[in-house]
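Student: Could you work out the structure for the sequence below:
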Amino acid sequence: MVIKILLLIVFFASMIGVGIYSRNKAKNVNDYVLGGRTVGPWISAFAFGTSYFSSVVFIGYAGQFGWKYGLSSTWIGLGNAFIGSLLAWLVLGRRTRLMTQQLDAKTMPEYFGKRFDSKSLRIAGSLIAFIFLVPYTAGVYNGLSRLFGMAFNIDYRICVIVMALLTGAYVVIGGYMATALNDFIQGIIMLIGITAVILAVLNGQGGFLEAVKSLSTIETDPAVTTPALQGSSGLFASFFGPDPLNLLGVVILTSLGTWGLPQMVHKFYAIKDEKAVKTGTVVSTFFAIIIAGGCYFLGGFGRLFGDIEGVKVIAADGSVSIAYDNIVPTMLSTLPDLLIGIVVVLVFSASMSTLSSLVLTSSSTLTLDLIKPVLKKDMKEKTQLRLMQLFVMCFIIISVVIAFNPPTFIAQLMGVSWGALAGAFLAPFMYGLYSKKITKASVWASYIVGVGFTVINIFHPIIKSPINAGAATMIAGLIIVPIVSALSPKPDQTKVDEMFACYKKTVTVPETENLGQS
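Tutor: Have a look, this model is predicted:
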């Protein structure tokens, strides 16, 4: 216990120290929200990765999908790395940086408002972002609660309050630069931690080959596979697992979803230059392979711990259910105290980096996209800054209240949040960076389909799994936006040409970077 507490104290002190160090770099709105658009490659890449992977992935997703799909759940991590990170940086990175600077847009709703010349799109986008970031935050807290219950045997409410106060302190003091620098530190902790944990867990099962052999003897059951494959053995250690189609749905949601999440895309707004984009692409992908691939690979061995108390829950009628969110904490409970301490700091790091990104995104969009344009257009810079800091604390308080009674499984919370946000934002954001033909009506259509279908599916399930429902809304948006754009009135071509001029500016570079012709 002493080791665990000491590790946490050092961790907490470093986070606050970074916040104090960054306070001089957050004296105006642009610096507070975007770090002055001067953030380097490594910090940008780690900020992207640590915001992507939180306790939701490490505790919730790794446990639930590792149990359902076995070692094939590693495909989810690889999808996150190559679709959610590599492709996201290649497709969105440069163009997002250039277009948002051209439009002087600091948030995703502000981008929609200026790109499509619509104040109402900006306000609606702000409300969608704020409302559906809340369940994601609840999922982050929920994941942390499971781990702290295992490691410290204390009331998880204490853990939530400490985490909330700490995150609120350094975000309020240092803004984006404080979160980005802390993300870098937290990312290093996550890389070391996940490597150590995987090695320790496999060693406890007799090594990698012995663990795979044990996993291959487990038979599938009706809860995780199609009728044709029920009772088969070996599928949990196979290449595609017992349910490839549903596995594909999870890969799409968790990988493609990052392209439309405000707190993820926001990282591209702040990148310093071309070199930072190129280096950040490589670093971010490597980080995702280790963290996401490692988490799901670890979760794939979850069934080897199925007989330990806490994983299977027996109801009064004798029926057995699986407590998915307890699987990974149960796996970790067998580790030595020092490793458990490292894991606690690892998950705390992952959770705080995501939480800080969420609260900064929510507070900035409420201030810049709702309060300022609706109530007071000529709001002073200092007032905007103070309002954002106030909303940081308000958002944290709301999320803490929800976290005290967190609903459903972590994976389902994230499915609802990502489905609505990425379903509404992904298609119009991406198409808007590349095509001059995308219309205001198509953005409204994407908003309505993404949010509308998600809400309807909560109360009257059309697609049973929130994960598959979220994936469906993203794909629907990618189809609907170009169709509605082709059928609706075209935007003012002169205004659109002015926006896209940012891609045609001539830049002179030395021949060491671009070979000239003799």
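
Student: What's the biggest helix in this protein, counting residues?
Tutor: helix 156-204 (DSSP state H).

Student: which residue sits closest to Asn30, ignoring its sequence neighbours?
Tutor: Gly36 (6.0 Å; Cβ to Cβ, 6 or more residues apart in numbering). Where C-beta positions appear, they are placed from N, C-alpha and C, glycine not excepted.

Student: is it fair to say the one you found lies in a helix?
Tutor: Yes - under DSSP: H, G, I helix; E, B strand; the rest coil, Gly36 falls within a helix.

Student: any idea how far it lies from Ser333?
Tutor: Distance of Gly36 to Ser333, given as Cβ to Cβ, to the nearest Å: 45 Å.

Student: do the same with Lys372
Tutor: 49 Å.

Student: all strands in the stretch 251-400 of the chain, in order from the N-terminus.
Tutor: Residue ranges of the strands in the stretch 251-400 of the chain, as given by DSSP state E, counting those that start in this stretch, are 312-314, 320-322.

Student: How many residues are close by Ser321?
Tutor: 10 (other Cβ atoms under 10 Å).

Student: and the gap between the closest residue to it other than its chain neighbours and Tyr69?
Tutor: Ranked by Cβ to Cβ, 6+ apart and with sequence neighbours excluded, the top spatial neighbour of Ser321 is Val313, at 5.0 Å. As for Val313, its distance to Tyr69 is 21 Å (criterion: Cβ to Cβ).

Student: how much distance is there from stretch 202-219 to the middle of the chain?
Tutor: Distance of stretch 202-219 from the chain centroid (Cα atoms, centre = their mean, to the nearest Å) equals 31 Å.

Student: Next, the buried residues of it.
Tutor: Across stretch 202-219, burial judged by 16 or more other Cβ atoms under 10 Å covers Leu202, Gln205, Ala211, Val212, Ser214, Leu215, Ile218.

Student: What residues does the third one make contact with?
Tutor: Right, Ala211. Leu202, Gln205, Phe301, Leu304 (Cβ atoms under 8 Å, 6 or more residues apart in numbering).

Student: Kindly report the same for the fifth one.
Tutor: When contacts are counted by Cβ under 8 Å, 6+ apart, Ser214 is found next to Gln205, Gly206, Leu304.

Student: I'd like the distance from it to Gly70, if you could.
Tutor: 11 Å.

Student: Mutual contacts of the two, please.
Tutor: Counting by Cβ under 8 Å, 6+ apart, nothing touches both Ser214 and Gly70.

Student: Tell me where the stretch 1-150 of the chain has strands.
Tutor: Under DSSP E, counting those that start in this stretch, the stretch 1-150 of the chain gives no strands.

Student: show me what contacts Thr361?
Tutor: Thr107, Ala129, Leu133, Pro262, Gln263, His266.

Student: now it, nearest residue through space, not along the chain?
Tutor: Gln263 (4.1 Å).

Student: what number of residues lie near the one you found?
Tutor: For Gln263, using other Cβ under 10 Å, the count is 25.

Student: ditto for Ser233
Tutor: When neighbours are counted by other Cβ under 10 Å, Ser233 comes out with 11.

Student: can you tell me which residues contact it?
Tutor: Contacts of Ser233 by Cβ under 8 Å, 6+ apart are Ser216, Thr217, Ile218, Glu219, Thr220.

Student: wait, which of these is closest to Pro489?
Tutor: For these, the closest approach to Pro489 (Cβ to Cβ) belongs to Thr220, at 53.4 Å.

Student: Surely the closest one touches Gly241?
Tutor: No - the criterion here is Cβ atoms under 8 Å, and Thr220 misses it with Gly241 at 9.3 Å.

Student: Contacts only, for Thr281.
Tutor: Taking Cβ under 8 Å, 6+ apart, one finds Ala45, Leu86, Trp89, Leu90, Gly93 in contact with Thr281.

Student: let me fix that: Glu381
Tutor: Asn28, Val29.

Student: gap between it and Phe425?
Tutor: Distance from Glu381 to Phe425, by Cβ to Cβ: 27 Å.

Student: and if you look at Gly477?
Tutor: 8 Å.

Student: any shared contact partners between the two?
Tutor: Joint contacts of Gly477 and Phe425 (Cβ under 8 Å, 6+ apart) are Gly260, Ser446, Gly450.

Student: so which helix or strand takes in the second one?
Tutor: It refers to Ser446. Here Ser446, judged by DSSP states H and E, is contained in helix 440-459.
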